[in-house]
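> Okay, here's the prediction I keep looking at, along with the sequence it came from:
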Amino acid sequence: MSLPIIAPSVLSADFSSMASGAALIASSGAEWVHLDVMDGCFVPTISFGPKMAADLRPHSSQIFDAHLMIQNPLNFVEEFAKAGADYITFHVEAAVHSHRVLQAIHALGKKAGVSIVPSTPVSFIEPLLPFVELVLVMTVNPGYGGQPIIPECFDKVRALAALREAGRGGYLISVDGGINASTAKTAREAGADVLVAGSSFFGAADTAVLVRQLKGLS
Ligand code: DX5
Ligand code: ZN
């Protein structure tokens, strides 16, 4: 089993010094920067938009993993591509023509991801699997950092790993919500390739130690 990619979410960083948050991620050994974009419509609160990603881009050389928790994601993929996102992931629950959104992301030269909330089954995205580079399984209801994990969601990680094994796509499986040193073990065992961590990362006394724990190295 290869080591998972760690993607700290700057949702839990101090918004007044986002560049420091990105620097902390870089120094911790984590590979990606996870950008949680919330519109106050698809999810109950508002976080930030593409300008945050664009302003942060010169302060980080890491992969930018944009997670769009917004209605009508097609309207914003171009802005996030221009802002320097490497992966653009949207919610299938927020788009009618999900395949068209994937086409738009690919046409912009970016990697495309689809995400499902805890109440959405894997079967809902099965037709999309051959077309995506990432599937993000929400392990909490999206909207806030710091919520307890819903462990039943790991069944969907196992199902996605089995579908990939059966040749249904070449996607990374990402888990997002309630990931800490203890829940990361179950996530890894279920088959997750990317672990998103917000509050556990920015609340850690030593982020390098936490990243090693998330990877299962200590
Ligand atoms: C939740 C976001 C998550 C969130 C995770 O809506 O998509 O990325 O930041 O935060 P924690 O790790 O605190 O659950
Ligand atoms: Zn997220």
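Sure, I can see it. Ligands and ions are numbered 1, 2, ... in the order given.

> all contacts plus neighbour counts: C-alpha atoms, from now on.
Noted.

> Walking through the chain, point out its helices one by one.
Shown for the chain, the helices assigned by DSSP state H span residues 18-28, 50-56, 77-82, 98-107, 154-165, 183-190, 199-202, 207-215.

> Of all those, which one comes closest to ligand 1?
With C-alpha to the nearest ligand atom as the measure, helix 199-202 is the member of these nearest ligand 1 (3.7 Å).

> just checking, Thr45 touches Asp39?
Yes. If you go by C-alpha atoms under 8 Å, Thr45 and Asp39 touch, sitting 6.6 Å apart.

> ok, Pro118 to Thr207 distance?
Distance, Pro118 to Thr207, by C-alpha to C-alpha, to the nearest Å: 28 Å.

> Please say which of Thr45 and Asp39 ends up with more neighbours.
Asp39 (17 against 14; other C-alpha atoms under 10 Å).

> and the more buried one, what is it in contact with?
45-48, 69-71 (C-alpha atoms under 8 Å, 6 or more residues apart in numbering).

> Of those, which is the most crowded?
Busiest of these [other C-alpha under 10 Å] is Met69, holding 27 neighbours.

> so what's that residue closest to, chain neighbours aside?
Leaving out its chain neighbours, the residue that sits closest to Met69 by C-alpha to C-alpha, 6 or more residues apart in numbering is Met38, at 4.9 Å.

> How about Ala85?
Sequence neighbours aside, Phe64 is the residue nearest to Ala85 in space, at 4.9 Å (criterion: C-alpha to C-alpha, 6+ apart).

> how about the one you found, what does it touch?
Shown in contact with Phe64 (C-alpha under 8 Å, 6+ apart): 32-35, 84-87.

> JSON lines for those, including distance to Ser218?
Below are the contacts of Phe64 laid out as JSON lines (distance: C-alpha to C-alpha, whole Å):
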{"residue": "Trp32", "distance to Ser218": "20"}
{"residue": "Val33", "distance to Ser218": "22"}
{"residue": "His34", "distance to Ser218": "23"}
{"residue": "Leu35", "distance to Ser218": "27"}
{"residue": "Gly84", "distance to Ser218": "33"}
{"residue": "Ala85", "distance to Ser218": "31"}
{"residue": "Asp86", "distance to Ser218": "29"}
{"residue": "Tyr87", "distance to Ser218": "29"}
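
> Redo the residues you listed as JSON lines? Include distance to ligand 1 and neighbour count.
As requested, the contacts of Phe64 are arranged in JSON lines below (distance: C-alpha to the nearest ligand atom, whole Å; neighbours: other C-alpha atoms under 10 Å):
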{"residue": "Trp32", "distance to ligand 1": "12", "neighbour count": "24"}
{"residue": "Val33", "distance to ligand 1": "10", "neighbour count": "25"}
{"residue": "His34", "distance to ligand 1": "7", "neighbour count": "25"}
{"residue": "Leu35", "distance to ligand 1": "7", "neighbour count": "24"}
{"residue": "Gly84", "distance to ligand 1": "18", "neighbour count": "21"}
{"residue": "Ala85", "distance to ligand 1": "15", "neighbour count": "26"}
{"residue": "Asp86", "distance to ligand 1": "16", "neighbour count": "19"}
{"residue": "Tyr87", "distance to ligand 1": "14", "neighbour count": "23"}
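
> Can you tell me which of these is nearest Ala22?
Ala22 lies nearest to Val33 out of those, by C-alpha to C-alpha, at 7.1 Å.
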